[in-house]
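Trainee: Quick one, structure for this:
(chains A, B, C and D)
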Number of protein chains: 2
Amino acid sequence: METALPTFNSVFSIDCVIFGFEAGELKILLIERNQEPFKDWLALPGYIVEQDESIDDAAERILYELTGLRDLHMQQFHTFGEVNRHPQGRVITVAYYALIRINGQKELRPVTQYARKAFWHPVNELPKLAFDHSEIFDTGFNKIRRRLNYQPIAFELLPEKFTLTQLQSLYEAVLNKKLDKRNFRKKMLSYGFLKELDEKQKGVSYRAAKLYKFDRRKYAKIFNNELNLDK
Amino acid sequence: METALPTFNSVFSIDCVIFGFEAGELKILLIERNQEPFKDWLALPGYIVEQDESIDDAAERILYELTGLRDLHMQQFHTFGEVNRHPQGRVITVAYYALIRINGQKELRPVTQYARKAFWHPVNELPKLAFDHSEIFDTGFNKIRRRLNYQPIAFELLPEKFTLTQLQSLYEAVLNKKLDKRNFRKKMLSYGFLKELDEKQKGVSYRAAKLYKFDRRKYAKIFNNELNLDK
DNA sequence: AGATACTGTGTAAAATTTACACCAATAAAT
DNA sequence: ATTTATTGGTGTAAATTTTACACAGTATCT
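Mentor: Down below sits the predicted model:
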């Protein structure tokens, strides 16, 4: 395709802020860079968009190549376009987030040379990251904190079957505050999109809790009304 | 600056969704294009980012060049990166919105050749726009609709001094629904960030209403608490 | 049998949201 | 001067939602 567009030596990239939840703790996916600049630094998984792929496609591909994870539901949340954010040239990056259940089964294994390894790191006490990735992370964390209140993102972080206590501790981890147990349950159940299972938690050394499932269909009804929620 | 980055022939652009409010009606700023592709079509004001300017700076510059408007508080809301969204090559665009009081004083006058003219158009019954600008507009409109509930954007659309009825009709225009007069006033005033002036509306052929001002300082107090609003 | 650790439940008070209608004030028209 | 037209400005009661708060029940482990 011929272009009449003025251009300069410019690059689009994608950076991914991937949240996971494990042992009551919120974590984020980092890589150890194996390439200049910022070689050996910790960074968000991120790389350059190809000419023939949309940015949404690029986000999926890049995350896969750097971490081995696929099929996440990724969503863009902000674009970072300061002139000198990349030391080697002009790079504008579109940041995406996704949420995932951390699962011992899913191995984190980069399939490119650009990352030496990928691993989960608690969101608290994050080290300094390469480029402006610390800022990107902060922006992403604020975004999901807000979206937690009006999007069903919590359930992407939990196993398919979960207890109400697990759900609550996830909310507490994201919002960084304690919630009242009775009020939390009352409210969650009142929405009507949690399905109580005939099953209990296993392997705990105390009274086992009931398991619940997120009912996406029922949620959709409520969610479709969400835009005119404030009648 | 030398670069080791792989690149391709690619372009960043900015598109602006600028809302204005006039005569109880919500409007949007359009241009008539004077350049291929989509010559003579209506479009959002938008153009290409330069190498040495941040995307935020570019947004301001581009809006000025195409419409003559400056010093708006612009905010990015989404990035559009489909492969074929531009017929002449790969162009990824960052969309910004801003809100402004429409004011006969401020002339709309493009300072480049790329736009033949700029003008306000009611948001209802928008014609088909160039590129994917209709989609960009829709996304932006949904964004401000949501933000209206937690950001003081309404006041950017109104004159400095306004009546409660004007404020209400703005909310009604953005949310596209009728609100109850007494409840609306009660709630707005209860926030405490509206300052009642010793002045009344002029030039109306009926009982003049009191004028109010938005008190940004008081708002800031409330707004700083906004993140932990749900205690 | 006892210790441990978490599950699961209800109610009353407070705060917020909703629904709803009429007189007052002003300017324009007669 | 009177009437007409038009919007301004106001309160209350009912319904709903949110908040604060504590203890007995049950599974497991020793």
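Trainee: In PDB, could you pull the C-alpha coordinates for the least confident helix or strand in chain A by mean pLDDT?
Mentor: Here the helix or strand of chain A ranked lowest by mean pLDDT, DSSP states H and E is helix A:216-224, holding a mean of 82. Output in PDB follows, covering the C-alpha atoms of helix A:216-224 (Å, rounded to 0.1, in the frame of the first residue of the first chain):
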ATOM      1  CA  ARG A 216     -22.100 -14.600  33.300                       C
ATOM      2  CA  ARG A 217     -25.500 -14.700  31.700                       C
ATOM      3  CA  LYS A 218     -27.300 -13.300  34.600                       C
ATOM      4  CA  TYR A 219     -24.600 -10.700  35.000                       C
ATOM      5  CA  ALA A 220     -25.200  -9.700  31.400                       C
ATOM      6  CA  LYS A 221     -28.800  -8.700  32.100                       C
ATOM      7  CA  ILE A 222     -27.700  -6.500  34.900                       C
ATOM      8  CA  PHE A 223     -24.800  -5.200  33.000                       C
ATOM      9  CA  ASN A 224     -26.800  -4.200  30.000                       C
END
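Trainee: distance between it and the chain's centre?
Mentor: Chain-centre distance of helix A:216-224: 22 Å, with C-alpha atoms, centre = their mean, to the nearest Å.
Trainee: what comes up buried for it?
Mentor: Neighbour counts over helix A:216-224 (16 or more other C-beta atoms under 10 Å in any protein chain shown) mark A:Tyr219 as buried. To be clear about C-beta, it is placed using only N, CA and C from the backbone, and glycine gets the same treatment.
Trainee: quick one: is that helix near chain B?
Mentor: No - Helix A:216-224 stays clear of chain B (C-beta under 8 Å from any C-beta of the partner chain), getting no nearer than 13.7 Å.
Trainee: which residues sit against that helix?
Mentor: Defining contact as C-beta atoms under 8 Å, 6 or more residues apart in numbering or on different chains, one finds that helix A:216-224 is touched by A:Pro152, A:Tyr191, A:Gly192, A:Phe193, A:Lys195.
Trainee: Now do the longest helix along chain A: which elements does it pack against?
Mentor: The longest helix of chain A (DSSP state H) is helix A:133-147. Contacts defined by 3 or more C-beta pairs under 8 Å, 6 or more residues apart in numbering or on different chains; DSSP states H and E place helix A:133-147 against strand A:10-22, strand A:75-80, strand A:90-101, helix A:164-175.
Trainee: Can you tell me what sits against the next helix-or-strand element following it?
Mentor: Going down the chain from helix A:133-147, the next helix or strand is helix A:154-157, by DSSP states H and E. Under the contact criterion C-beta under 8 Å, 6+ apart, helix A:154-157 has outside partners A:19-21, A:73, A:98-101, A:148, A:167, A:170-171, A:174, A:214.
Trainee: Give me the buried entries from the contacts of helix A:216-224.
Mentor: A:Pro152, A:Phe193.
Trainee: Nearest to DNA strand C among the contacts of helix A:216-224?
Mentor: Closest approach between the contacts of helix A:216-224 and DNA strand C, by C-beta to the nearest atom of the strand: A:Lys195, at 14.1 Å.
Trainee: Could you list the buried residues of the helix or strand where the closest one lies?
Mentor: Assigned by DSSP H and E, A:Lys195 falls within strand A:194-200. Residues A:Leu194 are the ones in strand A:194-200 that count as buried (16+ other C-beta under 10 Å).
Trainee: Run the chain-centre distance for the next helix-or-strand element following that strand.
Mentor: The first helix or strand that comes after strand A:194-200 along the chain, using DSSP H and E, is strand A:210-214. Distance of strand A:210-214 from the chain centroid (C-alpha atoms, centre = their mean) equals 22 Å.
Trainee: Against chain B, how distant is whichever residue of chain A sits closest to DNA strand D?
Mentor: At 3.1 Å from DNA strand D, A:Arg207 is the closest residue in chain A, using C-beta to the nearest atom of the strand. To chain B, A:Arg207 is 30 Å away according to C-beta to the nearest C-beta, to the nearest Å.
Trainee: residues near that residue, how many?
Mentor: 7 (other C-beta atoms under 10 Å in any protein chain shown).
Trainee: Quick check: nearest residue in space to A:Val11, chain neighbours excluded?
Mentor: A:Val91 (4.6 Å; C-beta to C-beta, 6 or more residues apart in numbering or on different chains).
Trainee: Distance check, the one you found against B:Leu197.
Mentor: Distance, A:Val91 to B:Leu197, by C-beta to C-beta, to the nearest Å: 49 Å.
Trainee: thinking again about what came up before, could you dump the contacts of helix A:216-224 into TSV with distance to DNA strand C and pLDDT added?
Mentor: Below are the contacts of helix A:216-224 laid out as TSV (distance: C-beta to the nearest atom of the strand, whole Å; pLDDT from 0 to 100):
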residue	distance to DNA strand C	pLDDT
A:Pro152	21	90
A:Tyr191	15	93
A:Gly192	15	92
A:Phe193	17	95
A:Lys195	14	96
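Trainee: on contacts alone, who are the packing partners of the strand holding A:Lys195?
Mentor: Other helices and strands packing on strand A:194-200, by 3+ C-beta pairs under 8 Å, 6+ apart, are strand A:210-214.
Trainee: what angle separates the strand it packs on from strand A:194-200?
Mentor: 140 degrees (axes from the mean of the first three to the mean of the last three C-alpha atoms, to 10 degrees).
Trainee: tell me which strands and helices strand A:210-214 is in contact with?
Mentor: strand A:161-162, helix A:164-175, strand A:194-200.
Trainee: what do you get if the cut-off is 6 Å, keeping everything else the same?
Mentor: On a contact count with 3 or more C-beta pairs under 6 Å, 6 or more residues apart in numbering or on different chains; DSSP states H and E, strand A:210-214 meets strand A:194-200.
Trainee: Residues touching the strand it packs on, excluding its own?
Mentor: Contacts to strand A:194-200, defined as C-beta atoms under 6 Å, 6 or more residues apart in numbering or on different chains, come from residues A:Ala208, A:Lys210, A:Leu211, A:Tyr212, A:Lys213, A:Asp215.
Trainee: again, but for stretch A:112-121
Mentor: By C-beta under 6 Å, 6+ apart, stretch A:112-121 touches A:20, A:27-28, A:30-32, A:34-35, A:65-67, A:108, A:110.
Trainee: Filter those down to just the buried residues.
Mentor: Using 16+ other C-beta under 10 Å, the buried ones in these are A:Gly20, A:Lys27, A:Ile28, A:Leu30, A:Ile31, A:Glu32, A:Glu65, A:Leu66, A:Thr67, A:Leu108, A:Pro110.
Trainee: Quick check: A:Leu164 vs A:Ala209, distance?
Mentor: Applying C-beta to C-beta, one obtains 7 Å for the distance of A:Leu164 from A:Ala209.
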